[in-house]
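Q: coordinates for the following, if possible.
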Amino acid sequence: MQWTTARFTIDLSAPKVMGIVNATPDSFSETGNHLATTRAALAHCEQLLLDGADILDIGGESTRPGALPVPVAQELERVLPVVREAVKLGVPVSVDTYKPAVMQAVLDLGADIINDIWALRWTEPGTVLSGTNVVLQHPGCGVSLMHMHGNPMTMQIAPMEGDVLPQVLQFLHHQSEVLCRLGVQKTQIVIDPGIGFGKTVAQNFELLARQQELLDLGYPLLAGWSRKSSLAAVTNLVKDLSPKSANHPRMIPSVVAALLAVERGAGIVRVHDVRETVQALQVLHAISSLGNK
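A: Next up is the predicted model:
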């Protein structure tokens, strides 16, 4: 299976690691200095590639539960300088945004993929421009369509009810088929069940356990388990009381979840801890390759 993007055709016969780059002041600079944040974000891009990342995913707005939206101008200020340099690094560049104006700007700079938590449904207030419109104007770009229940400010206050799989399946099928009918090639699309986006802990793990049902839609699957609160909930790390270590307290369960997702057919895993995830996947490959002899 392949994922065609603006500049690259990504071979998913082996799983690919998408490294997360949060181009936000709270991620890289205690002072909130814009230039310092840009430099740190670019240095982080380079480190992720050294660690083995196949794709960079750059975002300028937090979408964690309860996060407040960022104005378009501020998101552009954060993201554009990083994207402008990242597209020179020789790997596919994804931008994590739901705002059409940001999509337009980063695709014009040469970004390869739009990774959208709203699955191209969001429209800038007072305009008619949607993410779908932007993607259709850039016919070669890759798209990741994610399922989200509610919105980041409220999604965990009132999460989904009932059987999660049929609801996620129906949504992802509908959104992907709409794009295909409008002329987007099926190979440009990957789907993301939206772990942690308006689901309970049990529903998130149900999505993992029944991941094959999502794959039956015929699209590659992107799994985003990294540092999600569901992992903390099942490992007694709800308060994230970190030991004296450089590692994030949710790193080990994140790597395990990524590995389980790949074993169940995920083509891309979106992670913070690239080096550790790559090493785990190398061990999995060593075992899997024995079955081909």
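Q: restrict the helix or strand encompassing Val134 to CA atoms and write it as CSV.
A: Val134 belongs to helix 131-137 when elements are defined using DSSP states H and E. Extracted C-alpha coordinates of helix 131-137, given in CSV (Å, rounded to 0.1, in the frame of the first residue of the first chain):
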residue,chain,number,x,y,z
GLY,A,131,-10.3,22.4,4.0
THR,A,132,-11.9,20.4,1.2
ASN,A,133,-11.7,23.4,-1.1
VAL,A,134,-8.0,23.9,-0.3
VAL,A,135,-7.1,20.2,-0.9
LEU,A,136,-8.9,20.3,-4.2
GLN,A,137,-6.8,23.3,-5.2
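Q: can you list contacts of that helix?
A: Contacting residues not belonging to helix 131-137 are listed as 98, 100, 103-104, 107, 114, 116, 118, 120-122, 141, 143, 178-179, 182-184 [Cβ atoms under 8 Å, 6 or more residues apart in numbering]. Any C-beta I mention is one placed from the backbone N, CA and C, and that applies to glycine too.
Q: which parts of it are buried?
A: Under the neighbour-count criterion of 16 or more other Cβ atoms under 10 Å, helix 131-137 has Gly131, Thr132, Asn133, Val134, Val135 buried.
Q: returning to that earlier point: sort out for me which of the contacts of helix 131-137 are in helices.
A: The members of these that map onto helices under DSSP state H are Pro100, Met103, Gln104, Leu107, Val178, Leu179, Leu182.
Q: show the buried residues in these.
A: Pro100, Met103, Gln104, Leu107, Leu179.
Q: from Ser229, how far out is the closest residue to the second one other than its chain neighbours?
A: Distance criterion Cβ to Cβ, 6 or more residues apart in numbering; nearest residue to Met103, sequence neighbours excluded, is Val134 at 4.4 Å. Relative to Ser229, Val134 is positioned 31 Å away (criterion: Cβ to Cβ, to the nearest Å).
Q: with Gln188 instead?
A: Taking Cβ to Cβ, one finds Gln188 at 31 Å from Ser229.
Q: tell me which of those two has more neighbours.
A: More neighbours surround Gln188 than the other of Gln188 and Ser229, with 22 against 17 (other Cβ atoms under 10 Å).
Q: if I pick the more buried one, what's in contact with it?
A: Trp3, Thr4, Thr5, Gly140, Cys141, Gly142, Val143.
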